[in-house]
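Colleague: no FASTA, just this:
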C-alpha cells in the first residue's frame with residue numbers, strides 16, 4: 001500500500017462547507033470521503049468532472065483558534081481569516097486538482113446533481129445541402145440521445161456506488177432478512193441469488209474492510225452477518 005500524504009486543498013468556502021456538511025451527514029471524515037471517491041469512482045469520471053477551483057481573493061474563512069492562539073492573544077479584537085481549505089490524507093502522488101474534482105463528484109452525486117453535460121461538437125454545416133443538413137440533424141439527435149442515455153446509466157451507477165458511503169450501522173445488529181438486505185444494499189423485498197449475494201459482498205468488502213483505510217470492524221461485522229443470513 002502506498003504511503004499517505006497530507007494535502008491542503010484550497011477551495012471556495014461554499015464548496016468547503018458542502019464537503020464538511022456531507023462528512024458530518026455520513027459520519028466520516030473529509031479524508032474518508034476523498035479516499036472512498038478516489039478508490040471507488042472511475043478515474044476518467046473524476047478527471048472530466050468539474051473542478052470547483054481555488055478561492056478568489058475576497059473569499060476568507062475564520063482560522064480555528066487552536067491554529068493561531070498566539071496571534072489571537074496579541075490582537076484579540078481582530079478576527080483571523082485565511083483562504084478556505086480542506087485537509088485530506090490520501091495516497092502519495094495525487095494532484096490537488098484531482099482530489100478536489102473527486103470531492104466535487106461525491107458532493108454532486110450525494111445531492112443528485114451530476115456535473116456531466118453534453119458539449120456540441122463544432123461543426124460547419126454551411127456548405128451542406130438542405131437534404132444533407134436534415135440527415136445530419138437526425139443523426140446528431142440520435143447520437144445525442146445515445147450519449148444522454150449512456151451518461152444517465154453511468155450517473156445511476158456512480159450514485160449507487162457512492163451510496164455505499166451512506167451505509168449506517170444498525171444499532172442492534174443484523175437480526176432479520178430485511179436488515180441483511182439493507183446492509184448489502186438490496187431493495188426490501190429482493191430475493192438475491194447466492195451468486196448475487198457473493199458479488200455484492202465482495203464489492204462492499206473492498207470499502208468496509210478495516211484494512212481499506214476507511215472501513216471499520218463494526219461495519220465489516222455487520223456485512224459478514226448479513227451475507228451469512230442471506231445464504232441460509
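Modeller: Great, that's in hand. For clarity, every value in this text was computed on a predicted model and none was experimentally measured.
Colleague: Name the helix or strand for the residue nearest to residue 29 when sequence neighbours are not counted, please.
Modeller: Distances taken as C-beta to C-beta, 6 or more residues apart in numbering put residue 23 closest to residue 29, at 6.0 Å, once the chain neighbours are dropped. Just so you know, the C-beta spots here come from the backbone N, C-alpha and C atoms, and that holds for glycine as well. Per DSSP states H and E: residue 23 is located in helix 13-26.
Colleague: For that helix, which outside residues touch it?
Modeller: Under the contact criterion C-beta atoms under 8 Å, 6 or more residues apart in numbering, helix 13-26 has outside partners 11, 29-30, 32-33, 52, 55, 59-61, 84-86, 103-104, 106-107, 110, 165-166.
Colleague: what do you get for stretch 199-214?
Modeller: By C-beta under 8 Å, 6+ apart, stretch 199-214 touches 1, 4, 28, 31-32, 35-36, 39-40, 164, 167, 184-186, 192, 215-217, 219-220, 223, 227.
Colleague: Of those residues, keep whichever come out buried.
Modeller: By neighbour count, with 16 or more other C-beta atoms under 10 Å, those hold 28, 31-32, 35-36, 40, 167, 184-186, 192, 215, 219-220, 223, 227 as buried.
Colleague: Of those residues, which belong to helices?
Modeller: The helices, defined by DSSP state H, take in 31, 32, 35, 36, 40, 184, 219, 220, 223, 227 from those.
Colleague: Perfect, I'm done here.
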